[in-house]
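Q: For reference, the sequence and a predicted model appear below.
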Amino acid sequence: MNERIRFALIILAAFGSAIGGVLIGRAWIVPNTPVETELHQLLHADLRLDPDQEREIEAIEQQYAQRRKGLEQELRSDNAKLAAAIEAEHGYGPQVAAAVDASHMAMGELQKVTLEHIFAMRSVLRPDQAERFDASVVRALTAKQH
């Protein structure tokens with residue numbers, strides 16, 4: 001077989017393997033849909049909210065977005081402090097421990113704010129809508145992670 005043809009076949013086989021690997025990786029490794037995305041889809045496409053419900057939920061979502069943005073900024077700041085503590089101590093010392101604790105406080109606050117947001121949206125729903133919303137929340141929180 002000609003050397004050029006053999007080289008071309010090897011390149012094609014390598015390219016095909018790479019594409020196959022990407023497709024398999026995307027099917028198995030891509031994270032599940034975030035809870036917020038699933039709930040947003042349910043609220044705005046599936047539950048058939050009336051105009052008053054839409055307005056109330058939009059206001060709730062805007063308030064949540066502001067609170068979440070502030071907490072995410074706090075988490076980024078906490079991560080920078082953790083990085084500085086690791087660089088200073090080169091081990092799990094008191095500065096690292098304090099930075100980890102601060103980060104956990106911000107994470108916990110973000111989780112609380114997210115749950116308050118979910119319950120605030122739920123309070124706007126009719127009983128039939130709330131039942132579907134609850135099922136979606138439970139399904140999203142108990143879904144197996146890859």
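A: Structure's in. What do you need? Predicted model, so just to flag it, every value in this text is computed and none were measured.
Q: Helix or strand for the residue lying closest to Leu42 once chain neighbours are set aside, just tell me which one.
A: Nearest residue to Leu42, sequence neighbours excluded (CB to CB, 6 or more residues apart in numbering): Ser136, at 5.0 Å. No exception for glycine: its C-beta is placed from N, CA and C like everyone else's. Ser136 is part of helix 127-142, with elements assigned from DSSP states H and E.
Q: do Met105 as well
A: Taking DSSP H and E as the definition, one finds Met105 inside helix 94-122.
Q: Could you list the buried residues of that helix?
A: Within helix 94-122, the residues that qualify as buried are 95-96, 99-100, 102-103, 106, 110, 113-114, 117-118, 120-122, counting by 16 or more other CB atoms under 10 Å.
Q: and which of those is nearest to Asp78?
A: Using CB to CB, Ser103 comes nearest to Asp78 of these, at 4.1 Å.
Q: Could you measure from the residue lying closest to that closest one once chain neighbours are set aside over to Gln41?
A: Spatially, and ignoring its direct neighbours in sequence, Ser103 is nearest to Asp78 (4.1 Å; CB to CB, 6+ apart). Separation of Asp78 from Gln41 (CB to CB, to the nearest Å): 31 Å.
Q: Please apply the same query to Ala83.
A: For Ala83, the distance to Gln41 equals 36 Å [CB to CB].
Q: Next: Ala84.
A: Counting by CB to CB - Ala84 and Gln41 are separated by 40 Å.
Q: Wait, Phe133 touches Ala120, no?
A: No: the criterion here is CB atoms under 8 Å, and Phe133 misses it with Ala120 at 11.9 Å.
Q: circling back to that earlier point, who has more neighbours out of Asp78 and Gln41?
A: Counting neighbours by other CB atoms under 10 Å for Asp78 and for Gln41 shows that Asp78 has the greater number, 19 against 13.
Q: That one: helix or strand, and which one exactly?
A: helix 51-89.
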